[in-house]
Every structure is written in structure tokens, then in C-alpha cells.
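>>> need the 3D shape of this:
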Amino acid sequence: MKKLLTLLLAAALLLAIAGCGSKQTPSDQPAGEETAELSGKLVLYSPANEEEYNMVVDAFKAKYPNVEIETVQGGSGELKTRLEGEQENPQADVMFGGLTQADAYAYKDLWADYVSPNDAGLAEAYRNDTGKVTMKSINIQVLFYNNELAEQAGVEITGLQDLLNPALKGKIVMADPSASATAYRWLTCILYVMGNGDPESEEAWSYLEALIQNLDGKLASSMSNTHKGVYEGEYVVGLTSESNGVSYLEDGFGDKVTVVYPAEGTTAASYGVALINKCPNEETGKAFIDFIISDEGQQIYAESSLRPANFNFKNTSEFLPDVTTIKLVTEDYQYIAEHRQEILDRFNDLWAKYN
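I've put the predicted structure just below:
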């Protein structure tokens, strides 16, 4: 949706690099060497949305024109399953997007040990303290509704409790938490928020059971289908991420859709990249990670619908409210990683009970 914007941004970055003579040196590249001399191949596995993928990859290509980039795109769950099957012979170098801090624990054998020299610039809570996953951006879980359909249904949507309104039965879209990292984060968000910080509480699971009944057998196969389904008028409301919802507002569709930060609270997930264990192109893979969390890379995020993990860079989008105005609930990343299968099994049992 923002191809022109990202191309212009990439060009501007290239001019800035040429004009000021500043060089971001990858960790394994000799100091003083021209960055454009980095060459070779880079293979990305990426569930990143179109906006993020284009803005980052285009800018990286502008900085390193001699690097050949190949990308396999898909859902985060699908790509991690593919990586598990390729562990002895990896076909990719970097997983770009679709990773949370919990994935550093849940899929630790898939990632090489790498901490970028630029990691120290990130907010303390989002630094790579596992040595596996590098955090690049912050994304908040939001509700996203179709204005016309909500009015027709006679519903007001301000929070999670509103999703239990009988008028919304079968008109809510949620992605399968087994297929998407963001969808799983929505599941844990619900449990922590509606459980008042306790994801095992009866209140949390009672709410989830009621929500499943109101979904009426409809579960999207990917996160992209949630916001698209709402925008295209297939559903009244969807559970998606801030960047997905805000991108529609930035494109001028605020008269058609609305982004809601749940009144009960929500969670802010950090999303990252990781160098794949035994990857074939380690040098270019490290350079890509270094670039994303460099000052240049984080400035790109600050000028998008995503929040940078380096808090020194403030978002310029008028559609992103100050994070201090949003009620955020803390999650235990290690818990949601270690109990992932248990949580998914319990969700699936409830799903099977009503579908």
C-alpha cells in the first residue's frame, strides 16, 4: 500500500548516506570499508506485512546494492515449521518479522547466537538478552472495526467485553493462534487482560470460551485476513495489530474503519529478527540485522505505522497515540513461551467443543 513512499524513503536514505559520508559498519566488516562493497546473497523468510517489508528491504538494497536478496513470504507459524524441517540444511539466513521475545525460548534451536553491536541503543526492555532474537519494533494489539457495519449492527465497540454482544455473533474475525505469532499474542493478550494479569485464571478462560461461541466457527488462517476482512466488509470487527490497523488510517480510510485500544487494557508485543542457525550467508544476514536496528533503520520505523524499539526515535504518524495514553498490561514472555502448547491445546479443546 505504501510502495511509492518506501521507494522515496529508500532514495532519500541513499542520498543522505552519500552526502554525509556516514557508514554503518557490519560487525564482521573491517572498519572504514565502503558499505556498498558488501556483496553476496541474502535469503529472508518473512511474514512481515507489505508496508514493513518494502520500507526495510528497499532501504537495505539502497545501502547495499551488491547484495542479492531472495525472500520466501508466509505466515510465521508456517515459516517456523519450514525452518524446523530444514535444520540440518538451512535454506534461509534471516527470519524477518513474526518473532517475539517468547520465540527466543520456544524455538531457540532454530536461531544462531548473535547480538548486534547496535543492540545497546534499544530500550532496555527490548534488548537481546537471550542472544537469539533481536527486537526491531513494538506493536500493540488493537481492535479494528468497519464503521458502516458497526452502525448497521447497532453496536459500540470500545473494548473486549463488547465482543460478546450477541449482535456480533459470526461477525468477528480472529486469526488462528496456531498459525500466526501475532494471533498467538492476541490469545495471550486476552488471557492476561481478562484474567487481571493471571493467564490461568477462571475469569480469563471463561471470557475466552464466551468469545469462541460468539466467533460462531469462524477463524482466519492468517493475521492479514483479519484486517482485510474488516476493511472489505466481510466482518464487523477484527482482532489485529496496531500497525495493520493504522496503515489504513494513514492511507486515508479513517471514514471507513476505526482502530480501538481496548478499554480493559492491551499488550505491547515487541517483534524481531533472528539469524538462522547454520545459515549459508552469515555475513549478509548479520548486516541485515545490524541495519534494521541502526539509527537509519529505526528512523525508518519511526516514520511508519510501526513503533521503533529504540525509544530515542519518536513516531511521526499523527495516527499513533502516545504510548503513555494506552492502558498496557504486562505479560511474562518466558511463561507464554514455555506454556505455548498447553495454552494452544486448551484453546483448541474449547474450539472443538463449540465447532
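
>>> so where do the strands sit in this structure?
Applying DSSP state E to the chain gives strands spanning 40-46, 67-73, 94-99, 134-146, 172-173, 237-241, 257-260, 268-275, 307-308.

>>> residues touching the residue nearest to Tyr261 when sequence neighbours are not counted, list them.
Once flanking residues are discounted, Tyr261 sits nearest to Ile326: 5.0 Å by Cβ to Cβ, 6 or more residues apart in numbering. C-beta: built from backbone N, CA, C; applies to glycine. By Cβ atoms under 8 Å, 6 or more residues apart in numbering, the contact set of Ile326 is 140, 261, 266, 268.

>>> next: Asn165.
Residues near Asn165 by Cβ under 8 Å, 6+ apart: 155, 214.

>>> same check, this time on Gly170
Contact analysis of Gly170 by Cβ under 8 Å, 6+ apart lists 214-218.

>>> got the phi and psi for it?
In this entry, Gly170 is assigned phi and psi values of phi 80, psi 0 (degrees, to the nearest 10).

>>> give me the low-pLDDT residue ranges for the stretch 51-200 of the chain?
By pLDDT under 70, the stretch 51-200 of the chain contains no weakly predicted segment.

>>> and the helices in the stretch 151-300 of the chain, which stretches?
181-194, 202-215, 224-231, 242-250, 282-292, 295-302 (DSSP state H, counting those that start in this stretch).

>>> rebuild the ones you listed as JSON lines, extending it with distance to Lys169.
Putting those into JSON lines (distance: least, Cβ to Cβ, whole Å) gives the following:
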{"stretch": "helix 181-194", "distance to Lys169": "18"}
{"stretch": "helix 202-215", "distance to Lys169": "5"}
{"stretch": "helix 224-231", "distance to Lys169": "16"}
{"stretch": "helix 242-250", "distance to Lys169": "22"}
{"stretch": "helix 282-292", "distance to Lys169": "42"}
{"stretch": "helix 295-302", "distance to Lys169": "38"}
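
>>> of all those, which one is nearest Ala102?
Ala102 lies closest to helix 181-194 among those, at 8.3 Å (Cβ to Cβ).

>>> now for the residue nearest to Gln161 when sequence neighbours are not counted: which residues touch it?
Closest residue to Gln161 apart from its sequence neighbours, by Cβ to Cβ, 6+ apart: Glu264 at 6.7 Å. Contacts for Glu264 were tallied using Cβ under 8 Å, 6+ apart; they are 159-161, 193-194, 327.

>>> try it again at 6 Å.
Residues in contact with Glu264 (Cβ atoms under 6 Å, 6 or more residues apart in numbering) are 159-160, 193.

>>> which of the residues you listed sits closest to Phe60?
Nearest to Phe60 among the contacts of Glu264 is Val193, at 36.0 Å by Cβ to Cβ.

>>> please consider this matter closed, and thank you.
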